[in-house]
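J.: Fold the stuff below for me.
(chains A and B)
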Amino acid sequence: MNATAIIQAVEAQYLRASALPQVYIGDTIRVGVKIIEGNKERTQPYEGIVISRRGSGINQAITVRKVFQGVGVERVFLLHSPKLESIKVVQRGKVRRAKLYYLRDRIGKSARIKQRFDRPLT
Amino acid sequence: MSVGILGKKVGMTQLFDQKGNAVPVTIIQAGPCRVTQIKTVAKEGYAAIQLGFGAVGAATRVLKTKAVEGGESRRANKYLTLGQQGHLRKSGADLLRHLREYRVTDVSAYQLGQEINVTQFQEGEHVDVVSTSIGRGFAGNQKRNNFGRGPMAHGSKNHRAPGSIGAGTTPGRVFPGLRMAGRLGGKRTTAKKLMLFKIDSVNHLLLVKGTVPGKSGTLVSVVPAKVVGK
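T.: Next up is the predicted model:
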């Protein structure tokens, strides 16, 4: 086995078993994040727009942006992380870019993304 | 100090621990090694275990000995000298590329030709990893000694120069040990107290948390962590 094959075999044990729904840039999604408080474990929802997607294999990650109380919040989720419990696509978005970093400079109406209807939500 | 294991650095990746945190790990293909020589206080003056690791290609070369009349010329493995091959034959091991010694207090637990593999380690244990760091050639003070640099603009011609290296006529010399440009890397380096994230005894893999010196493919030696003052 060469080095790449060994690394991929090791990573394969840590990849997510059940597939998540297909997520595109510009989609509005609701992420279920596992949180451990003391001994209790609960799921916290986090909703926002997918503005970037990077990496491949076990390193694959998405950046989800939302505006909370007037403050922009961006969270990066590793798609194969066990902390990420679920992803639900709320709305598909129509965008022309792979990275929506321009949303950081916009507020209010201009920060909206047009909805598209040709992609199913699941 | 107990016996370690020899291996090859495969590369790095990131995996998830039980809490779900992403952990950077280095994959080391370690062993199986063979005990190729046992050194004792009575014979060599110190107690140590010599381990061999790494397969050698099967290609042969013609020996420059006098050919027997009409007979074929003698051939031997191309990659090791006859001395090395004779030494390895004593332990009954296959031809091995790398030999390393580990000092031990008691050699009675080891036999010649015994296989050493990753099962001697436990997950969660701390280890030291010894290998050759990446050679950076002749490096300046910015890279080698973390010096600052001069201004790049506004007429400055002092960009990456070392600055003053001492006073003038008194003392009239440069003090020894002054940090200057020179060869960087390519040296034996130890990464201390790395946590063993996972052990794969089927594929002979050790996964340690953090980075290991050297490029992928380099020979590494993994030993149980040396705790100072113990």
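J.: In three-state terms, label the residue in chain B that chain A sits nearest to for me.
T.: Residue of chain B nearest chain A, by CB to the nearest CB: B:Gly20 (3.9 Å). Quick note: C-beta positions are derived from backbone N, CA and C, even for glycine. Here B:Gly20 is recorded as coil under DSSP: H, G, I helix; E, B strand; the rest coil.
J.: quick one: it from A:Ile62, how far?
T.: Distance of B:Gly20 to A:Ile62, given as CB to CB, to the nearest Å: 16 Å.
J.: Tell me the bridge partners for B:Arg34.
T.: Counting by DSSP bridges, B:Arg34 is bridged to B:Gly52, B:Glu115.
J.: residues near it, how many?
T.: The number of residues packed near B:Arg34 is 21, by other CB atoms under 10 Å in any protein chain shown.
J.: Quick check, it in contact with B:Ser91.
T.: Yes - if you go by CB atoms under 8 Å, B:Arg34 and B:Ser91 touch, sitting 6.2 Å apart.
J.: So what pairs up with the spatially most central residue of chain B in the strands?
T.: Nearest to the geometric centre of chain B sits B:Ser131, at 2.8 Å (CA atoms, centre = their mean). Using DSSP bridges, the beta-bridge partners of B:Ser131 come out as B:Thr189, B:Val220.
J.: Double-check B:Leu99 against B:Ala48; I have them as touching.
T.: No - shown here, B:Leu99 and B:Ala48 do not form a contact pair, counting by CB under 8 Å, at 11.5 Å.
J.: What are the boundaries of the helices in chain A?
T.: With helices called from DSSP state H, chain A shows them at A:3-12.
J.: And chain B, by the same measure?
T.: Counting by DSSP H, chain B has helices at residues B:82-91, B:141-144.
J.: Check which residues of the shortest one are buried.
T.: What it means is helix B:141-144. Residues B:141, B:144 are the ones in helix B:141-144 that count as buried (16 or more other CB atoms under 10 Å in any protein chain shown).
J.: interface residues of chain B facing chain A?
T.: Counting by CB under 8 Å from any CB of the partner chain, chain B comes close to chain A at B:10-11, B:13-16, B:19-22, B:27, B:29, B:200, B:203, B:205, B:207, B:216-217.
J.: what's the spacing between the residue of chain B closest to chain A and B:Val208?
T.: Distance of B:Gly20 to B:Val208, given as CB to CB: 20 Å.
J.: What of A:Ile113?
T.: According to CB to CB, A:Ile113 stands 44 Å off from B:Val208.
J.: can I get the CA coordinates of stretch B:43-56 in PDB?
T.: The C-alpha trace of stretch B:43-56 is given here as PDB (Å, rounded to 0.1, in the frame of the first residue of the first chain):
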ATOM      1  CA  LYS B  43      30.500  -8.900  26.000                       C
ATOM      2  CA  GLU B  44      30.000  -5.400  24.700                       C
ATOM      3  CA  GLY B  45      30.200  -3.500  28.000                       C
ATOM      4  CA  TYR B  46      26.600  -2.300  27.900                       C
ATOM      5  CA  ALA B  47      23.100  -3.800  27.500                       C
ATOM      6  CA  ALA B  48      21.200  -3.000  24.400                       C
ATOM      7  CA  ILE B  49      18.800  -4.400  21.800                       C
ATOM      8  CA  GLN B  50      19.500  -3.900  18.100                       C
ATOM      9  CA  LEU B  51      16.400  -3.800  15.900                       C
ATOM     10  CA  GLY B  52      16.200  -4.100  12.200                       C
ATOM     11  CA  PHE B  53      13.500  -2.600  10.000                       C
ATOM     12  CA  GLY B  54      12.600  -2.100   6.300                       C
ATOM     13  CA  ALA B  55      12.600  -4.500   3.500                       C
ATOM     14  CA  VAL B  56      15.400  -4.600   1.000                       C
END
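J.: Give me the contact list for it.
T.: B:3-8, B:31, B:33-41, B:77, B:79-80, B:88, B:91, B:93-107, B:110, B:116, B:219 (CB atoms under 8 Å, 6 or more residues apart in numbering or on different chains).
J.: With stretch B:174-181 instead?
T.: B:138-141, B:144-145, B:147, B:162, B:165-166.
J.: Between the residues you listed, which sits nearest B:Leu194?
T.: B:Arg144 (24.6 Å; CB to CB).
J.: Which residue is the nearest non-sequential neighbour of the closest one?
T.: B:Leu184 (4.7 Å; CB to CB, 6 or more residues apart in numbering or on different chains).
J.: list the contacts for that neighbour?
T.: If a contact means CB under 8 Å, 6+ apart, then B:Leu184 has B:135-139, B:143-144 as its contacts.
J.: Can you name the residues bridging to it?
T.: In this entry, B:Leu184 is beta-bridged to B:Gly137, by DSSP bridges.
J.: Can you check the pLDDT for it?
T.: pLDDT, B:Leu184: 94.
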